[in-house]
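Asker: A structural model of the following input is requested.
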Amino acid sequence: MNKTWKPGLWMLVLCILLLSACSASTEPSSQPAAASSGGNEAANSSLTKVKIQLKWVPQAQFAGIYAAKEKGFFAEEGIDAEIIPGGPDIVIEQQVVNGAADVGITGVDSLLVSRDNGLPLVSLAQISQKSSYRLIAKKSAGITSPAQVKGKKVSTWFGSQQFQVLAFMEKNGLDPKKDINLVKQGFTMDQFFNDQVDVATATIYNEYHVVLESGVKESDLDVFNIEDAGVGMLEDTLIAKKDWVDSNHEMAVKVTRAILKGWNYAIDHQDETVDIVMSNVTEGSTTREHQVTMLAEIAKLIRPEGFTEKQVGSFVDESFARTADIALNYGLIKKAANLDEALEKNVYEEAVK
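Answerer: Okay, here's the model as predicted:
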């Protein structure tokens, strides 16, 4: 295991960053949107501006939000939605706490850490229902079972993103502190391509297909599914500040409804939605082919087999409990999470009526 990283330090830094932002204005962005030219002026002036902070740069991971804007679902709810891209230096929770955004997309683990540090953030809807994480190894490494990971070099993202991998190791009888050499994984798959690691972490909607697109065949890989191992942590969730929700309950419901409608549309009209996504990405940053694959995989996480349209965004208690237990077990949070307070189930329930 990399000895330079310490969970407590990461939490302290995040806490300081977030708490320092609390002194900024937290008033909701309820002012009307700036009027545009032409015949849309009157219509736009009647809409309420809502700022939505993404957890990463524009891509099909957020296709439902872009679809909701493009297809007019926000406007139908009286909302002028401003979609704010994320990036490596953007702390989503900070953006929401200090009022730079009204709602945001973050991981459930990050939400739990923020609440554990006293930040009044809540989830309005659970976007992804399953873990996207896979552990991948080249066939040439000879790792056909989890037990054979012992003694190997394993890469994953740090921050709060390594805990699914650690839980996977323990689930399979390995001590992640002694039995594997855990190293920090970058935002590319170069370590894997260059054989600097034996096992790498990949999301099924992004890095896994980056590997395939490089020319590696699926038959050349051994793949371990974190979700299937029963230790998957919930990922993308829609968050807001608690006092914003209390003061803007109807708006919180409307934003949630529009986003969930957007996701159902995106899942049912994937080709069209990829066009919408591509109109928002930075030119040259990705390919349409990659975004087609990303949306297809994301759709399986958001509306998995057996889910109806009305279940998109729902809170599955068992999945949240598992995520919270893993976070507590590895010291990501100091005390057991109060999920009754963390989840605004009434907002979701009203949104899907």
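
Asker: gap between residue 128 and residue 227?
Answerer: 11 Å (CB to CB, to the nearest Å). For every residue, glycine as well, the C-beta is placed using N, CA and C.

Asker: ignore what I typed, I meant residue 169.
Answerer: 15 Å.

Asker: mind checking which of residue 128 and residue 227 has more residues around it?
Answerer: residue 128 (23 against 19; other CB atoms under 10 Å).

Asker: gap between that one and residue 67?
Answerer: In terms of CB to CB, residue 128 sits 16 Å off from residue 67.

Asker: what does residue 210 give?
Answerer: Per CB to CB, residue 210 is found 24 Å from residue 67.

Asker: low-confidence ranges, the protein, go.
Answerer: Across the chain, residues meeting the criterion (pLDDT under 70) sit at 1-45, 160.

Asker: give me the longest helix you can find in it.
Answerer: Longest helix in the chain, counting residues (DSSP state H): helix 249-268.

Asker: go through the helix or strand just after that helix and flag the buried ones.
Answerer: Sequence order places helix 270-278 as the next helix or strand after helix 249-268, per DSSP states H and E. Using 16 or more other CB atoms under 10 Å as the test for burial, helix 270-278 gives 270, 273-274, 276-278.

Asker: and those, which is closest to residue 346?
Answerer: residue 273 (29.1 Å; CB to CB).

Asker: list the contacts of the closest one.
Answerer: 60, 63, 66-67, 265-266, 295 (CB atoms under 8 Å, 6 or more residues apart in numbering).

Asker: which stretch of helix or strand covers residue 178?
Answerer: Per DSSP H and E, there is no helix or strand for residue 178.

Asker: and the contacts of stretch 126-133?
Answerer: The contact list for stretch 126-133, computed with CB under 8 Å, 6+ apart, reads 64, 105, 108, 164-165, 201-205, 226-227, 232-238, 263, 297-298, 300-304, 307, 313-316, 319-320.

Asker: kindly report the same for stretch 172-183.
Answerer: So stretch 172-183 is in contact with 1-2, 146-147, 149-156, 162, 165-166, 169-170, 191, 197, 229, going by CB under 8 Å, 6+ apart.

Asker: now the buried members of those.
Answerer: 1, 146, 149, 152-156, 162, 165-166, 169, 191, 197, 229.

Asker: and the furthest pair within the contacts of residue 273?
Answerer: Farthest pair in those, by CB to CB: 60 and 265, 13.4 Å.

Asker: so those two - more neighbours on which side?
Answerer: For residue 60 versus residue 265, neighbours defined as other CB under 10 Å are more numerous around residue 60 (28 against 21).

Asker: next, give phi and psi for the more buried one.
Answerer: When quoted as degrees, to the nearest 10, the phi and psi of residue 60 stand at phi -70, psi -10.

Asker: next: residue 51.
Answerer: phi -100, psi 130.

Asker: report the contact partners of the spatially most central residue of the chain.
Answerer: Taking CA atoms, centre = their mean as the criterion, residue 236 is the residue nearest the geometric centre of the chain, at 2.8 Å. Contacts for residue 236 (CB under 8 Å, 6+ apart) come out as 55, 61, 105-107, 127-128.

Asker: could these go into TSV alongside distance to residue 185?
Answerer: Shown next, in TSV, are the contacts of residue 236 (distance: CB to CB, whole Å):
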residue	distance to residue 185
55	18
61	18
105	22
106	20
107	16
127	24
128	20
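
Asker: which of those residues lies closest to residue 121?
Answerer: Out of those, the member with the shortest distance to residue 121 (by CB to CB) is residue 106, at 8.4 Å.

Asker: surely that closest one is in contact with residue 95?
Answerer: No. With contact defined as CB atoms under 8 Å, residue 106 does not reach residue 95; the gap is 9.5 Å.

Asker: shared neighbours, the two?
Answerer: Common neighbours of residue 106 and residue 95 (CB under 8 Å, 6+ apart) do not exist.

Asker: how close does residue 281 sit to residue 93?
Answerer: Residue 281 is 25 Å from residue 93, by CB to CB.

Asker: between those two, which is the more surrounded one?
Answerer: residue 93 (25 against 18).

Asker: within the helices and strands, which one has that one?
Answerer: Counting by DSSP H and E, residue 93 is part of helix 92-97.

Asker: cool, and residue 154?
Answerer: Going by DSSP H and E, residue 154 is in strand 153-156.

Asker: figure out how far stretch 268-281 is from the centre of its chain.
Answerer: How far stretch 268-281 lies from its chain's middle: 19 Å, per CA atoms, centre = their mean, to the nearest Å.
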